[in-house]
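Colleague: Here is my input, please return the structure:
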Amino acid sequence: MGAPTLGPNDNDPRIALHEYWDRLKQLDAKIHLTFTSKFPRSMRVADWAIEHLYLCCASPTVALVVTFLLVPLVITDSISLITFISVSAAWLIAVLGIAKATWVNSLRISARLGILFISGLLMAVAGR
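Modeller: Numbering: from 1, shown residues only. The predicted structure follows:
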């Protein structure tokens, strides 16, 4: 007997990768359909909340309020706290900006979460 096969077609790895990719896309579509059919209101509320949180963070008024909140920290010489708050806020706004992007919103739920997780993780690692 020959060697056991490793996947759908182990003779050409390109075909095997293509078949695995098709399976992954089918699983992604199934997960998306499950979430949107079971939790339609929750999905709309989550999209609404992310959009409004981004709009709040990107507002010039919020920038003024944050500036006024950080001034006492500068006066009290809490530089490490200021750095932490600034980097955390920049990370949050960047992740929300990616979440609000039209090309991310066109993806299915699992792909959206994957993109946000990977981009958030990359930005967190780069910020250190």
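
Colleague: Of all the helix elements in this structure, which one is longest?
Modeller: helix 13-38 (DSSP state H).

Colleague: Show residues contacting the next helix or strand after that one.
Modeller: Under the assignment DSSP states H and E, the closest C-terminal helix or strand after helix 13-38 is helix 40-57. Residues outside helix 40-57 that contact it (Cβ atoms under 8 Å, 6 or more residues apart in numbering) are F35, T36, V62, A89, L92, I93, L96, G97, A99, K100, N105, I109. For every residue, glycine as well, the C-beta is placed using N, CA and C.

Colleague: need the residues you listed in TSV with pLDDT, distance to L53 and neighbour count, can you?
Modeller: Below are these laid out as TSV (pLDDT from 0 to 100; distance: Cβ to Cβ, whole Å; neighbours: other Cβ atoms under 10 Å):
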residue	pLDDT	distance to L53	neighbour count
F35	84	20	15
T36	85	21	14
V62	76	11	14
A89	80	12	15
L92	82	9	15
I93	81	10	15
L96	81	6	19
G97	82	11	14
A99	81	9	21
K100	80	9	16
N105	78	15	12
I109	82	18	17
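
Colleague: residue nearest the centroid of the chain?
Modeller: With distances taken as Cα atoms, centre = their mean, L116 lies nearest the centre of the chain, 1.3 Å away.
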